[in-house]
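J.: Could you work out the structure for the sequence below:
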Amino acid sequence: MRQDLKISFCITCKGRVHHLRHTLPINLAATANYPNVEFVILDYDSRDELEQWVQKNYMAEIAMGKIVYAKYEPAEHFHMTHAKNMAHRIASGDVLCNLDADNILAAGFASWLNTTFNTVQQAVVRINLIGRALLKYTNQTDRGMGGRIAVHSNMFYAVNGYNENIVGWDSDDLDFLARLTTQGARYKNTPITMLGSVIDHGDQERIEHIPPETRTASISRARALHKRRELPIHRHIIEALSNRQPPDIPPPANPDGNFGCGTVIKNFDAENPIVLEPIQPIRLELSSARPLRETVGTTR
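T.: Numbering: from 1, shown residues only. From the prediction side, this is the model:
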């Protein structure tokens with residue numbers, strides 16, 4: 001029987017309130033036709049009035065459960081994978097979708113995710129190379145959209161989230177996708193009509209808050225990946241149609257269950273901080289039938 005799955009869009013933010021001011025109202029409107037949605041905003045010690053802006057404008061949405069605001073501090077630099085893991089652990093949805101602060105959702109995307117995960121619970125939704133090529137063909141940027149990955153919460157916990165050994169702006173998404181294949185991931189490409197868009201901006205803004213010692217290497221790796229995406233259109237199509245999975249499966253990440261850990265203040269309730277502690281991974285019994293069966297429980 002089809003369920004109305006809860007969809008959590010997980011946003012991490014440090015120094016990006018200028019993007020969120022633009023994207024959050026649009027994304028709330030874009031998901032209005034699917035009420036079982038929450039936007040989790042993880043304030044990673046952002047020092048640009050993010051907290052004041054949310055408190056001034058979105059207390060009604062917080063009261064309704066449409067927005068969850070959580071603040072983590074102190075954090076001098078932005079540890080991207082730790083922040084993503086925190087946001088995903090705070091989320092309460094059946095489906096967890098990473099959403100960068102500069103991303104704009106297409107209307108109906110949440111409903112499409114619900115249909116997709118009701119059909120294939122082991123789905124891993126991401127933009128593929130055809131989508132990237134189409135955006136470039138229409139003079140839109142595809143930069144910054146690759147991180148929009150949606151998985152069932154069981155899949156996220158089965159691989160212990162994003163690899164926190166990856167500290168800078170790096171290949172954390174590719175590593176995450178590769179590890180998901182060990183859990184029987186089935187890639188589902190975001191349809192052209194569901195791509196949405198992204199605010200275009202330079203790489204310097206992307207690395208502004210990560211540790212200084214990782215910035216040069218992060219830019220170099222990003223440029224190398226970008227060059228690979230400049231291949232002729234037929235190469236994009238061939239690779240996308242093959243639904244190619246990563247050739248090398250990396251070792252398990254965060255094997256001690258220490259991912260997304262720390263103390264956060266949720267919804268401005270400083271008297272009741274939430275402590276995210278190390279957790280045991282779940283083990284999934286995979287079959288062609290739905291649903292995934294959780295065999296080892298965990299406290300999220």
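J.: how about the most centrally placed residue in the chain, phi and psi?
T.: In the chain, the centroid-proximal residue (C-alpha atoms, centre = their mean) is residue 98; its distance is 1.5 Å. Main-chain dihedrals, residue 98, degrees, to the nearest 10: phi -70, psi 140.
J.: Also the one 5 residues further on?
T.: Backbone dihedrals for residue 103, given as degrees, to the nearest 10, come out at phi -90, psi 140.
J.: wait, it sits on residue 146?
T.: No - the criterion here is C-beta atoms under 8 Å, and residue 103 misses it with residue 146 at 10.4 Å. Placement of C-beta: from N, CA and C, glycine included.
J.: Pick out whichever of the two has more residues nearby.
T.: residue 103 (22 against 19; other C-beta atoms under 10 Å).
J.: Do you know the pLDDT at the closest residue to that one other than its chain neighbours?
T.: Leaving out its chain neighbours, the residue that sits closest to residue 103 by C-beta to C-beta, 6 or more residues apart in numbering is residue 198, at 5.2 Å. Per-residue pLDDT puts residue 198 at 89.
J.: For residue 198, grab the count of nearby residues.
T.: Residue 198 has 22 nearby residues by other C-beta under 10 Å.
J.: returning to what we had before: looking at strand pairing, list the partners for the residue nearest to the centre of the chain.
T.: residue 10 (DSSP bridges).
J.: same check, this time on residue 41
T.: Assigned bridge partners for residue 41, using DSSP bridges, are residue 11, residue 69.
J.: and it, how far is that from residue 89?
T.: 14 Å (C-beta to C-beta, to the nearest Å).
J.: show me what contacts residue 107?
T.: 29, 30, 33 (C-beta atoms under 8 Å, 6 or more residues apart in numbering).
J.: Do a quick rundown of the helices in the stretch 151-300 of the chain.
T.: 153-158, 172-180, 203-207, 212-228, 233-241 (DSSP state H, counting those that start in this stretch).
J.: Just the strands from this structure, written as ranges.
T.: 7-13, 37-44, 67-72, 95-98, 103-104, 123-126, 150-152, 186-189, 197-198, 262-266, 274-276, 284-285, 293-294 (DSSP state E).
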